[in-house]
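Asks: the sequence and its predicted three-dimensional model are supplied below.
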Amino acid sequence: MIVIERNGKTTVITGWQAWLLGAAAFVVATVVLGFVFFVLLGVAITVWAVLLIVGPVLIGIGLIASVFQRPPGR
C-alpha cells in the first residue's frame, strides 16, 4: 500500500499497481546508485593514474634540482 498526500488530498495505491510502482522505484534507485558508483570509480581511477605519473616526475625534478643546487656557504 502506498499513500500519497498532496494539497490535503490523500491518494491510496494498493494491489498490483503498488507493487509495480514499488518495483519501478527500486529499479530507478538502483540505476541512479549504479551511475553514482561508476562516476566515483572513474574519478578515483583518474586521480590514481595522475598521481602515478606526477609522483615520479616530481621526485625526478627534485633530484635534478638537488644536483644543480649550489653548496651552502658559497
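Replies: Yep, that arrived.

Asks: quick one: pLDDT of Gly73?
Replies: In this model, Gly73 is scored at 69, pLDDT.

Asks: just the helices in this protein please.
Replies: 16-67 (DSSP state H).

Asks: centre-most residue in it?
Replies: Leu40 (2.3 Å; CA atoms, centre = their mean).

Asks: tell me the strands beside the worst-scoring helix or strand of the chain on mean pLDDT, with direction?
Replies: One helix or strand of the chain scores below all others by mean pLDDT, DSSP states H and E: strand 2-6, with a mean of 86. Sheet pairing of strand 2-6 (DSSP bridges) gives strand 9-13 (antiparallel).

Asks: which other residues reach the partner strand?
Replies: Met1, Ile2, Val3, Ile4, Glu5, Leu21 (CB atoms under 8 Å, 6 or more residues apart in numbering). Where you see a C-beta, it was placed from the backbone N, CA and C, and this is true even at glycine.

Asks: switch the cut-off to 6 Å
Replies: Contacts to strand 9-13, defined as CB atoms under 6 Å, 6 or more residues apart in numbering, come from residues Ile2, Val3, Ile4.

Asks: got JSON lines for those, with distance to Val31 and neighbour count too?
Replies: Output for these, formatted as JSON lines (distance: CB to CB, whole Å; neighbours: other CB atoms under 10 Å):
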{"residue": "Ile2", "distance to Val31": "20", "neighbour count": "13"}
{"residue": "Val3", "distance to Val31": "25", "neighbour count": "10"}
{"residue": "Ile4", "distance to Val31": "22", "neighbour count": "10"}
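
Asks: ok, of the residues you listed, which one's closest to Phe26?
Replies: Ile2 (12.8 Å; CB to CB).

Asks: pretty sure that closest one sits against Ala18.
Replies: Yes. Ile2 is in contact with Ala18 according to CB atoms under 6 Å; the separation is 4.9 Å.

Asks: circling back to that earlier point, now what about the least confident helix or strand of the chain, what contacts it?
Replies: With CB under 6 Å, 6+ apart, strand 2-6 has contacts from Thr11, Val12, Ile13, Ala18.
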